[in-house]
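Sequence first, then the predicted structure, then my questions.
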Amino acid sequence: MSRESLGMEYSDIYSSSQQEPEQAPVTEPEYNSFAETIGEMVGGFFVTVFSFIFGAFADLFRLIGTGIKYVVNYLRDTIGYSIRDFFDELSDYRYERKEAKRAIRQEFRQHPTKIFSIMNSYRKALSDAHPGLVPNIVNTILPLAGLAVLIITITHFSSSTFAIEVESSGQKVGYVVDETVYNDAQNLVKERFSTDLSDDSNLKSLNTTFKIAEVNPAELTDSQTISDGIVESTNADSTYACGVYIDGEFICALKTETDAMQVFNNIIDSYEKESETDVVGFVQDVQFVQGIYANNSDTIWDSQQLADALTKTRYQEKHYTVVEGDTLSKIAYSNGLSVTELIELNPELAKEIHVGDDVLVAGEVNYITMKVVKTVVQNVETPYQTIKTNSDKYYKGTTKTTQKGRVGIDQVTYLVTYVDGQQVSTQEVNRTTVRQPQDEKILVGTKAVVVQKTSYGAYTPSTYIRGYGKLIWPVVGVYTVSSGYGPRWGSFHGGMDISNGIAGYTIVAAASGTVTVASNGNVGYGCHVMIDHGNGMATLYGHMLYGSICVSVGQYVSGGQPLGKVGSTGNSTGPHCHFEVRINGTKVNPAPYIGA
């Protein structure tokens, strides 16, 4: 119904003389066209931009653009029309309410006694004129309200903590994050109570129930608190005490933690330390747990009972599987045993262990095993480096030490652990350098051995012609003949001694050939090498340094190839190379052959 027709009704009902003022026609916004344009623009934008940038994904982004366009159109067809109709109705309603208010004032002045009937008539007229206003309000508000409720619900539950509420015999004993905490609590009850509550049937009779509850994280409880709550919900005879656990196994409980700790402190104090820095303790993990325990003599001990029990042994069978890197001492120490005790349990380990072996690591063992950690300070040598530098000042095979190496010294602090007097581990905790190592520097000769030339040409390693060529000088860097070929000391010297009184110089082959002797003897020629050069010629190199010979019998060598070092082995009065030349087995003077 238009505003003009509604004004005419007001005039007809109340005979109003006033003329309805002419209103400008209301043009309905082109909402459909606008929404479609927006959807097409947004979808087209996504398709164009992303197709240009990501050509390989053009189809995917085109699908996304189409989806966005579809969503925009869907929202337009559902919520959009409702919102448009709502605001159109609201605009008309506000205008007509203003006109009705004006008409009511005028009618009230003319008929003051009919105010209520007048107001009711106008209310009915407005309601009849706008029958879609309330549905539009509902269609707009309800989806928004539902979305708000959904957001609030998700936010609430995502920030909430849910737990299992545990009730025992009708009493709430706490909240746990999962059922494993309750199972741990049951095990604690079994350990602490030797009667009444120790078996499963009695635990089941406690009528424990569970239910999900929303809790504050601070309300979550551990197995210790749950076990105490379970006991308190029963009529079991219990008391608050301090439990003693060794490697997680319940031993007993004492009235106070002070009494329990004093027993173990007395054992430590009785150990005679060799040094003030020694730290004495136990291999096993000893814990003291406050809580509710069965009030009987089997569970509650006094200090003397505990002290007596700790001096005895107990049976505890436990197996271990050997892994890579294990040793007997490592396995023994990690299980509170000495190596001797481990071998007694496993006699076959006296030979060797292998990865995957099953090892018995516990049998009759002490309740507790003492360990001592000693602080040991030692000076440890650190090696020096050898730096070699090539030098053309020295012949190949010759070296010269220009700086002797010297080891460094570090002061190292170790923590050494002993179990029952046997060392089981060593841990380095500190290292201080006392003296830096000094590098050893060595010059390595690179100078080639030069073959002397004569008017007849140069000597080549593969050729020797008597009277036309010369052998290579056999000792690199030493050119002094200390004793020549011929009569000497009442006998005949069948070779040439080359020496400067210093051992270690390199001896090389005088010509190419095959090694026929490579002896490490210590009589006569001592360590010596003989080479057959062919055509009836052979050379011998005697009194070499022991262990320096670097060729073998049958090996072919080239002229100038190293054979060993100058020494003084065999029948020798000092470091020298005894050099012989033999022609068809007869010793001849080497001098003409080497140009000496």
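Great, that's in hand. Residues are numbered from 1 along each chain as shown.

who's residue 408 bridged to?
In this entry, residue 408 is beta-bridged to residue 382, by DSSP bridges.

which ones are touching it?
Residue 408 sits next to 381-384, 433-438 when contact means CB atoms under 8 Å, 6 or more residues apart in numbering. From N, CA and C alone the C-beta is placed, and that goes for glycine too.

how about CSV for the residues you listed, with neighbour count and pLDDT added?
Formatted as CSV, the contacts of residue 408 follow (neighbours: other CB atoms under 10 Å; pLDDT from 0 to 100):
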residue, neighbour count, pLDDT
381, 12, 94
382, 14, 94
383, 9, 95
384, 16, 95
433, 11, 94
434, 11, 94
435, 14, 94
436, 12, 95
437, 17, 95
438, 14, 95
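
closest to residue 554 among these?
Among the contacts of residue 408, residue 383 lies closest to residue 554 (CB to CB), at 38.4 Å.

could you measure that closest one against residue 402, distance?
Residue 383 sits at a distance of 19 Å from residue 402 (criterion: CB to CB, to the nearest Å).

ditto for residue 325
44 Å.

Who has more neighbours out of the two?
Between residue 325 and residue 402, counted using other CB atoms under 10 Å, residue 402 has the larger neighbour count: 11 against 7.

quick one: what helix or strand has that one in it?
strand 399-403 (DSSP states H and E).

So which other helices or strands are in contact with that strand?
Judged by 3 or more CB pairs under 8 Å, 6 or more residues apart in numbering; DSSP states H and E, the packing partners of strand 399-403 are strand 386-395, strand 440-447.

in the last one, what's buried?
In this case it means strand 440-447. By neighbour count on 16 or more other CB atoms under 10 Å, the buried set for strand 440-447 is 440-443, 445.

now swap in stretch 242-261 and tell me
Across stretch 242-261, burial judged by 16+ other CB under 10 Å covers 242-247, 250-254, 259-260.

Can you list the low-confidence ranges for the stretch 301-450 of the chain?
Residue ranges of the stretch 301-450 of the chain with pLDDT under 70: 315-317, 350-351, 363-365, 394-398, 448-450.

still on that earlier bit, spatially, which two of the buried residues of stretch 242-261 are the most separated?
Using CB to CB, the buried residues of stretch 242-261 span at most 20.9 Å, a distance reached by 247 and 259.

circling back to that earlier point, between the buried residues of strand 440-447, which sits nearest residue 547?
residue 442 (19.0 Å).

Can you spell out which residues form a bridge with the closest one?
residue 388, residue 401.

correct me, but it touches residue 391?
No. Residue 442 is not in contact with residue 391 according to CB atoms under 8 Å; the separation is 9.5 Å.

what residues do those two have in common as contacts?
residue 400.

got any ranges where the stretch 151-300 of the chain has weak pLDDT?
Checking the stretch 151-300 of the chain against pLDDT under 70 turns up 156-160, 164, 167-170, 173, 177, 190-211, 213, 226, 230, 232-236.

which residue ranges form the strands in it?
161-168, 171-176, 208-215, 238-246, 249-254, 279-282, 286-294 (DSSP state E, counting those that start in this stretch).

the domain parsing of the chain - what is it?
3-154, 161-236, 261-371, 373-444, 450-594 (automatic domain parsing).

Parallel or antiparallel, list what pairs with the helix or strand containing residue 434.
Using DSSP H and E, residue 434 maps to strand 422-435. Strand pairing for strand 422-435, determined by DSSP bridges: strand 408-419 (antiparallel).

Of all the residues in the strand it pairs with, which ones are buried?
For strand 408-419, the buried set under the neighbour-count rule, 16+ other CB under 10 Å, comprises 409-410, 414-415, 417-419.

Throw these into a markdown table and include distance to residue 224, thanks.
Output for the buried residues of strand 408-419, formatted as a markdown table (distance: CB to CB, whole Å):
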| residue | distance to residue 224 |
| --- | --- |
| 409 | 54 |
| 410 | 49 |
| 414 | 39 |
| 415 | 34 |
| 417 | 32 |
| 418 | 35 |
| 419 | 31 |
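
Tell me, how many residues neighbour the residue nearest to residue 228 when sequence neighbours are not counted?
Among residues not flanking residue 228 along the chain, residue 292 sits closest, at 4.6 Å (CB to CB, 6 or more residues apart in numbering). Applying other CB under 10 Å, we find 23 residues neighbouring residue 292.

Residue 292 contacts residue 237, correct?
No. In this structure, residue 292 is not within contact of residue 237 by CB under 8 Å, at 10.8 Å.

measure residue 380 to residue 406 for me?
Distance from residue 380 to residue 406, by CB to CB: 15 Å.

Could you do residue 148 as well?
Taking CB to CB as the measure, residue 148 falls 84 Å from residue 406.

who has more neighbours, the two?
More crowded of residue 148 and residue 406, by other CB under 10 Å: residue 406, with 14 against 10.

can you give me the strands in the stretch 451-596 of the chain?
Taking DSSP E, counting those that start in this stretch to define them, one finds strands in the stretch 451-596 of the chain at 453-454, 457-458, 481-483, 486-488, 491-493, 496-498, 506-508, 513-520, 527-534, 537-544, 556-557, 562-565, 577-583, 586-588.

What strands line up against the fifth one, and which way round?
It refers to strand 491-493. Strand 491-493 is paired, per DSSP bridges, with strand 486-488 (antiparallel).

Could you check the partner strand and say which residues are buried?
Under 16+ other CB under 10 Å, strand 486-488 has no buried positions.

Need the contact partners of it.
By CB under 8 Å, 6+ apart, strand 486-488 touches 492-493, 589.

Could you do stretch 542-555 as well?
Residues from elsewhere that reach stretch 542-555, judged by CB under 8 Å, 6+ apart: 495, 503-504, 507, 514-518, 520, 522, 525-529, 557, 561-570, 572, 575-580.

which among those residues end up buried?
Neighbour counting with 16+ other CB under 10 Å marks 495, 503, 507, 515, 518, 525-529, 557, 561-570, 572, 575-580 as buried within the contacts of stretch 542-555.

Check what pLDDT residue 148 gets.
You'll see residue 148 listed with a pLDDT of 79.

nope, residue 507 is what I meant
So, for residue 507, pLDDT stands at 95.

Please verify my assumption that it contacts residue 477.
No. Residue 507 is beyond contact range of residue 477, at 10.7 Å (criterion: CB under 8 Å).

Next up, the contacts around residue 513.
Listed by CB under 8 Å, 6+ apart, the contact partners of residue 513 are 531-534, 538-539, 556-557.

In TSV, list the contacts of strand 486-488 along with pLDDT and distance to residue 484.
Shown next, in TSV, are the contacts of strand 486-488 (pLDDT from 0 to 100; distance: CB to CB, whole Å):
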residue	pLDDT	distance to residue 484
492	90	12
493	91	7
589	89	8
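
on that earlier part again, which residues does the residue nearest to residue 228 bridge with?
Counting by DSSP bridges, residue 292 is bridged to residue 240.

Kindly report the same for residue 172.
Counting by DSSP bridges, residue 172 is bridged to residue 167.

And for residue 439, the neighbour number?
By other CB under 10 Å, neighbour count at residue 439 equals 14.

How about residue 238?
For residue 238, the count of nearby residues is 21 (other CB under 10 Å).
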